[in-house]
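Participant: Test case, fold it:
(2 chains)
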Number of protein chains: 2
Amino acid sequence: MAGVVVASMLVPQAMAYALLAELPVHVGLYAGLLPVAVYALLGSSRFLSVGPVAMVSLLVASGIGPIANGDISLAVQLAITLALMVGVIQLAMGLLRAGFLVNFLSHPVLSGFTSAAALVIGASQLKHILGVTVPRTEQPYELFVVLCEKLAETHVATVGFGALAIAALLSVPRFLPRVLRRLGASEDAVAAWSRSGPLVVVFAGTLVAWLFGTDSGVSTVGRIPAGLPKFVLPTLNFSNVSALLPTAVVISLVGFMESFAVAQALASKRRQRVDADRELVALGFANLSSSVIGGYPVTGGFSRSVVNFQAGARTGLASLVAAAFMACTLLFLTPLITFLPKSVLAAIILVAVASLIDFRKLAHIARYSRADGACWIATFVGVFILGIEWGVVVGALSSVVFFLWRTSRPHVAVVGRVGTTEHYRNVLRHDVTVQEGILAIRVDESLYFANVRGLEERLLEAISDDPTIRQVLLICSGINFIDATGLESLESCLTCLEDAGASLNLAEVKGPVSDRLAQAGFLDRLGHDHLFLSTHEAMSKLARIVPERLF
Amino acid sequence: MAGVVVASMLVPQAMAYALLAELPVHVGLYAGLLPVAVYALLGSSRFLSVGPVAMVSLLVASGIGPIANGDISLAVQLAITLALMVGVIQLAMGLLRAGFLVNFLSHPVLSGFTSAAALVIGASQLKHILGVTVPRTEQPYELFVVLCEKLAETHVATVGFGALAIAALLSVPRFLPRVLRRLGASEDAVAAWSRSGPLVVVFAGTLVAWLFGTDSGVSTVGRIPAGLPKFVLPTLNFSNVSALLPTAVVISLVGFMESFAVAQALASKRRQRVDADRELVALGFANLSSSVIGGYPVTGGFSRSVVNFQAGARTGLASLVAAAFMACTLLFLTPLITFLPKSVLAAIILVAVASLIDFRKLAHIARYSRADGACWIATFVGVFILGIEWGVVVGALSSVVFFLWRTSRPHVAVVGRVGTTEHYRNVLRHDVTVQEGILAIRVDESLYFANVRGLEERLLEAISDDPTIRQVLLICSGINFIDATGLESLESCLTCLEDAGASLNLAEVKGPVSDRLAQAGFLDRLGHDHLFLSTHEAMSKLARIVPERLF
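Facilitator: Numbering: from 1, shown residues only, chains lettered A, B, ... in the order given. Presented below is the predicted three-dimensional model:
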């Protein structure tokens, strides 16, 4: 049952996403055949529906567009090569256990990327809706300019098909559930069947276009090869492979990321596990299988997987059923597809991606953290100006830079005692008492090269500003590790403080940090009587020493 | 007095470092004149002796060598341009408060860079000691190959000068102190005068070379312009400026770094402060002044500054005295310098940099942290294979990558109760008891994009492995901040745990972290009864809930 529901989404989506990838629709159908079955047999998720998805299709279009330059048979060759490359990269990443690399794509970067890509996808489909031909543009922002110029050439009948399809796609999920509920269908079945909009508009669109005939001027999908695809070995060409490499890397990462996020979310609902490296291997084989039957890169899709889960899939069997239905489509339905208007497929894409444009997410992220908001914007703008692959790179780099920036200026507080308690808090925020001659300072960050010299400066500044200081206490509760630069800086602080007639003390040093400091000989150099378990213990003991030295 | 001692080092060093920079010696003398005085008037350190230094001279040679290609007058022009560029960059960095940028050069990177540069400097001077001419090489490692090929052409008299100079330079600091002490000199004076080796060998070398005459075949410094330099405005040429830019940036950073480290170390001994941004401005003006009188890039030198301090300098007056002595040298001693053998200057450089090659430092660093040791090696190897500027870049990037790597795999411990105390420790390291149905887990790192998905996986794995878990407690004592990806992941964990029939709880959340979570609405979503001050409080309350739900 779940397999049938998924197939009803897979067939129209596979054709629509092939159109988005600027490929003939049968390439999408092939990509929705074998990879679906291969993943079902190898993957660790029981619900994931692998096949053509929007984001990957856009990346395919952007990667092969400049090379194929309008030559459809070359574009198909390149798409097959790209699937092979993505398969090899994902397989290698899985075997090298490099799945962690996707963690460097932060949430704001992915969100900004998704919104920008959805806008670019939408814009790229407007030409099919409007029935105009536009030249290929280098960067996404140019596409909007070109579209505005072509607005006058709009083809009315094509727009009609597109507008009706959009209206139908928006109405089905609104009205079908009520009808189904009145018929007494279960909630899961209602949720699943209300996703059948794309199949409905594909059938209706094809029927109407067939009735009107080809003289209406509406651009249709045209004749596609009938029957199942043949196995082929992709032909490789070094210059194409190196030109496609950046696209292949981005597809491998973004595709895996999207797929893994869905798989994990669905698995956890049943207390099941998905393994990142095994997922990479399974997706790698799925892409290789797509390549050998003449398909293009695939990954696990969000909407189909959720429907698969809701429709009651329990194992990969559902996906095998969906693949079988796809095979039947290829065997028996290809003559019908000839009459399917492209604007109907474009409408399916537009409706699918519209909800991905999410500026409220930006507002939410920016309110929480301005740096993360800036990453979102950097990625979004990067996609439009530099193109989708470099947009991701700019976003990933910006999030690393903001992280370094943040950790390089840690929160450092001079603390004092709260009343007569054993608690010590920031002197600037709380009403606390400080002991003359003692400087107690807490650092809320690990000590590493980018922040440790700032801390050193701060300590030396403090003792030069207040000549009465004889004891400096560094509270290490927020320090998770100290790198070699940190160690060197601590040693230099120790010497500088000694030269200035003051002592360094450490309190609340974590076990692993203290082990390493001991091993490096720093604790011997510091003196074990300058190391304290708690801040209170340190302050009590130091208070007893200070007055003697001072007066 | 300190000024005289420093001048006795400055004059020979200025000539030697000009030779190292592949420039005529008078360019070094000019760089040791006005910049010394300008820094004395503007700088925040009272002891720093600014002028030509070895590392910057090597960078100058490497930057202008490929462009000048043996044309000495062009090389001088380029050196003047470079001083101008470094001046502008440092001034801009100072005014933009960008001094923190040098913090991204970690200790292992600087140490590896210093050792590699010292080796390259030594190798570059061997041609002067051996009296052979070698062609310019592209990368440092090729220099060693070329030198071996030229070994047969060694010029005996030149080697003689060089060897005697090295012997003298090594002996003076060993024997002069004893003599001085017997004469009753103070310890500071002994330490200062024992640095007069370079001046002694320069005088002796010049005298001997003058006696032998020019027919010995020993390469000498040759005629240099007499008198004080004239003010000139550097002529700029766009292609040269853009070719020199990487070198100018590296000199600005490395030069400032070296200078600031010395200034800070000396200032702290007197409880004085040096301000990074003011230092940048002062060094910027020193470089601009070097440029307008025909000098080359300068910075604060380690050895001369330490001698200045030991010889009793209290203010910038000492540096003004040193500059005055340099002026006298230019006015009266230039005819003598003509006879100075280059091999004597090369000997001064060799002895000065020999102690900078420090493999024990590598061993020390690698023992403390393997990642930091790898950064040292990456920088060292990078310098030899890619050249000195790119070596620094490789090193800086490698330390950022290792930092990301380290923070992306934080220490995560499942904890249990130690006996009947309120302490909770790692179940793998300590003998503790755990409560069935509760998973208490401590993360020793801030939650950010690179590590938070790993944590999410770990949590979901744990609850899928143990179906009895009803309560998950996240102990946040090591979490200094949570970025937007972290927040999103916590929200997704919360949903996943709820779907799986378990609750999420947080304990020991730091003030600033908790403020932000509250503001983002996460604490409301979590439920305030799932937020605890201490681990013990959380465990006691959760233990009371769990059994009811379980049985």
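Participant: Which parts of the stretch 101-250 of chain A are helices?
Facilitator: A:107-130, A:140-150, A:156-182, A:187-193, A:197-212, A:238-269 (DSSP state H, counting those that start in this stretch).
Participant: Would you agree A:Glu389 is in contact with A:Ser252?
Facilitator: No. Applying C-beta atoms under 8 Å as the test, A:Glu389 and A:Ser252 come out as separate, 11.7 Å apart. From N, CA and C alone the C-beta is placed, and that goes for glycine too.
Participant: Not counting residues beside it along the chain, what's closest to whatever residue of the stretch 201-350 of chain A ends up closest to chain B?
Facilitator: Chain B sits closest to A:Ser268 of the stretch 201-350 of chain A, with a gap of 3.9 Å, by C-beta to the nearest C-beta. Nearest in space to A:Ser268, with sequence neighbours left out and distances taken as C-beta to C-beta, 6 or more residues apart in numbering or on different chains, is B:Cys496 at 3.9 Å.
Participant: What does A:Leu474 show for phi and psi?
Facilitator: A:Leu474 adopts backbone torsions of phi -100, psi 120, taken as degrees, to the nearest 10.
Participant: residue contacts, it?
Facilitator: Going by C-beta atoms under 8 Å, 6 or more residues apart in numbering or on different chains, A:Leu474 touches A:441-443, A:504-507.
Participant: Most neighbours among these, which one?
Facilitator: Most neighbours among the contacts of A:Leu474, by other C-beta atoms under 10 Å in any protein chain shown: A:Asn505, with 25 neighbours.
Participant: Can you tell me the element that residue falls in?
Facilitator: Per DSSP states H and E: A:Asn505 is located in strand A:503-507.
Participant: wait, does that strand contact chain B?
Facilitator: No. Strand A:503-507 does not reach chain B (C-beta under 8 Å from any C-beta of the partner chain); its nearest approach is 12.5 Å.
Participant: what's next to that strand, contact-wise?
Facilitator: The set of residues external to strand A:503-507 that reach it, using C-beta under 8 Å, 6+ apart, is A:470-476, A:490, A:493-494, A:497, A:526, A:530-535, A:537-538, A:542.
Participant: So which residues of the stretch 351-500 of chain A form strands?
Facilitator: A:412-417, A:424-426, A:438-443, A:471-475 (DSSP state E, counting those that start in this stretch).
Participant: And the pLDDT for A:Met1?
Facilitator: According to the prediction, A:Met1 has pLDDT 71.
Participant: wait, isn't it in contact with A:Ala311?
Facilitator: Yes. With contact defined as C-beta under 8 Å, A:Met1 counts as touching A:Ala311 (6.2 Å).
Participant: Of those two, which one has the most company?
Facilitator: Using other C-beta under 10 Å as the criterion, A:Met1 and A:Ala311 rank with A:Ala311 on top: 21 against 13.
Participant: how much space between the more buried one and A:Ser57?
Facilitator: 24 Å (C-beta to C-beta, to the nearest Å).
Participant: again with A:Thr247
Facilitator: For A:Thr247, the distance to A:Ser57 - C-beta to C-beta - is 12 Å.
Participant: same deal with A:Gly99?
Facilitator: 23 Å.
Participant: Those two: which is more packed in?
Facilitator: For the pair A:Gly99 and A:Ser57, the greater number of neighbours falls to A:Ser57 (30 against 24), based on other C-beta under 10 Å.
Participant: Helix or strand next in line after the host helix or strand of the more buried one, which one?
Facilitator: With elements taken from DSSP H and E, the one containing A:Ser57 is helix A:54-68. Next helix or strand after helix A:54-68 toward the C-terminus (DSSP H and E): helix A:72-95.
Participant: Look at the residue of the stretch 101-250 of chain A found nearest chain B and report its pLDDT.
Facilitator: Chain B sits closest to A:Ser106 of the stretch 101-250 of chain A, with a gap of 3.3 Å, by C-beta to the nearest C-beta. pLDDT for A:Ser106: 85.
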